[in-house]
Structures are given as structure tokens and as C-alpha cells.
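>>> Below are the sequence and a predicted model; questions follow.
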Amino acid sequence: MTVVRIFTPENRLAEILQSLEAPTAQELIADAETRVTALGDAIRAYVAEKLEEIRVFAEQGEEELFAECRTLGGAALDVAEVAGAAGMEAVGEVARGISAMVDNLVTSGVWHTDALRLHLDALALVNRAGGGLDEESEVILGRLRGMREAVGVVE
């Protein structure tokens, strides 16, 4: 007969959080949300800077765009990771789609210039509209997702 012992390590963090002076989980979450809100202007400035980098790609020829696609993908991922924290969810989602298209190129070798250019145009469009989620941006995001699926981009 095999004897199985289950070892549960001591959770020192739980002891700290349960003390009277420790903040509750809700307080920690509220504090984090307050800090993110306070950083909103800085995040929007960062996103604007990255969007300017991305905008340059929309003006490049296909060969140059292809050669620099990893830089584009990196800038798009940078935007995707933080845009939502500044209320720019639609911008973040379009940028995530651009990043996915570049990743698909790297992993499968399939390049879709027209689809990528459409994403770059959509990124500029949703940014001009404020970058948040609204009915129009939801339609745009849905159609971009459908297009990525149609060309075989795995997200």
C-alpha cells in the first residue's frame, strides 16, 4: 500500500493580510485602480507615441513593411498591453490584431499585406474616434476578427 502525504506550505501572505492593519483585497484593488487612473494621461501619451511609430508603417511600401514587420508587431503589442488602462479599448484590440497578424507571419510564413493595411487604417480610425468601445468600434473589431479568421490568423 502506498502512503501519500499532502504537504501544504505555510501561507505567510494570508497571515499578513488577515492582521488588523493589513488592507483588504478590495482596498488593494481600489488602490490599484486609483493609481491606474492617475497614470491615465501618461498612458495616453505613451499610446500616442507608439501610434505615431505605427502610423509610419501605413505609409511604407510592401517590401519595407515586410522587412520591418517585427518592429511593427512589437509596437502594436506595446499598445495592446496598455491602451485599455487609459480607456482606449478599441485601439488596444486593433493593435492586438496587428500583433497577431505579425506573429502569424513569423510562425506560419503567411503574409497578408491588404489585411494588415486595413488593420492599420482601422487603428487610425478608432483612435480618431477616441479609442474607446462604442457601437461603431464594436462593429469594426468584429469585422477585423472575422477577416483574421478568414485568412487563418491564429490568436
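Now that the structure is in, tell me what you want to look at. Residues are numbered from 1 along each chain as shown.
>>> use CA for all of it now, contacts and neighbours both
Noted.
>>> Quick one: low-confidence residue ranges for the protein.
Under the criterion pLDDT under 70, the flagged ranges of the chain are 1-7, 14-22.
>>> Give me the buried positions along the helix or strand harbouring I43.
I43 is part of helix 40-58 when elements are defined by DSSP states H and E. The neighbour-count criterion (16 or more other Cα atoms under 10 Å) identifies G40, I43, R44, Y46, V47, K50, L51, I54, R55, F57, A58 as the buried residues of helix 40-58.
>>> again with stretch 115-131
A115, L116, R117, H119, L120, A122, L123, A124, V126, N127, A129, G131.
>>> likewise stretch 78-88?
Buried positions in stretch 78-88, judged by neighbour count with 16+ other Cα under 10 Å: D78, V79, A80, V82, A83, G84, A85, A86, G87, M88.
>>> which one of those residues is nearest N104?
Checking the buried residues of stretch 78-88 against N104 with Cα to Cα, the nearest one is A80 at 16.4 Å.
>>> mind checking how far the closest one is from R70?
The span separating A80 from R70 equals 15 Å under the rule Cα to Cα, to the nearest Å.
>>> Out of the buried residues of stretch 115-131, list just those in helices.
Among these, the ones falling in helices (DSSP state H) are A115, L116, R117, H119, L120, A122, L123, A124, V126, N127.
>>> ok now do E52, which residues does it touch?
Contact criterion Cα atoms under 8 Å, 6 or more residues apart in numbering gives no residues in contact with E52.
>>> scratch that, N11 is what I was asking about
In this structure, N11 makes contact with no residue, judged by Cα under 8 Å, 6+ apart.
>>> And it, how far from A83?
For N11 relative to A83 (Cα to Cα), the value is 35 Å.
>>> got it, and A95?
Shown here: A95 relative to A83, a distance of 9 Å by Cα to Cα.
>>> Would you mind listing the residues touching both of those two?
With Cα under 8 Å, 6+ apart, A95 and A83 have no common neighbours.
>>> G131 contacts G87, correct?
Yes: using Cα atoms under 8 Å as the test, G131 is close enough to G87 to be in contact (7.2 Å).
>>> Now G152, what are its backbone angles?
The phi and psi torsions at G152 (degrees, to the nearest 10) take the values phi 90, psi 20.
>>> burial count for it?
13 (other Cα atoms under 10 Å).
>>> can you check V153 too?
By the other Cα under 10 Å criterion, the neighbourhood of V153 contains 21 residues.
>>> In contact with F57, which residues are there?
For F57, the contacting residues are L65, L72, taking Cα under 8 Å, 6+ apart as the criterion.
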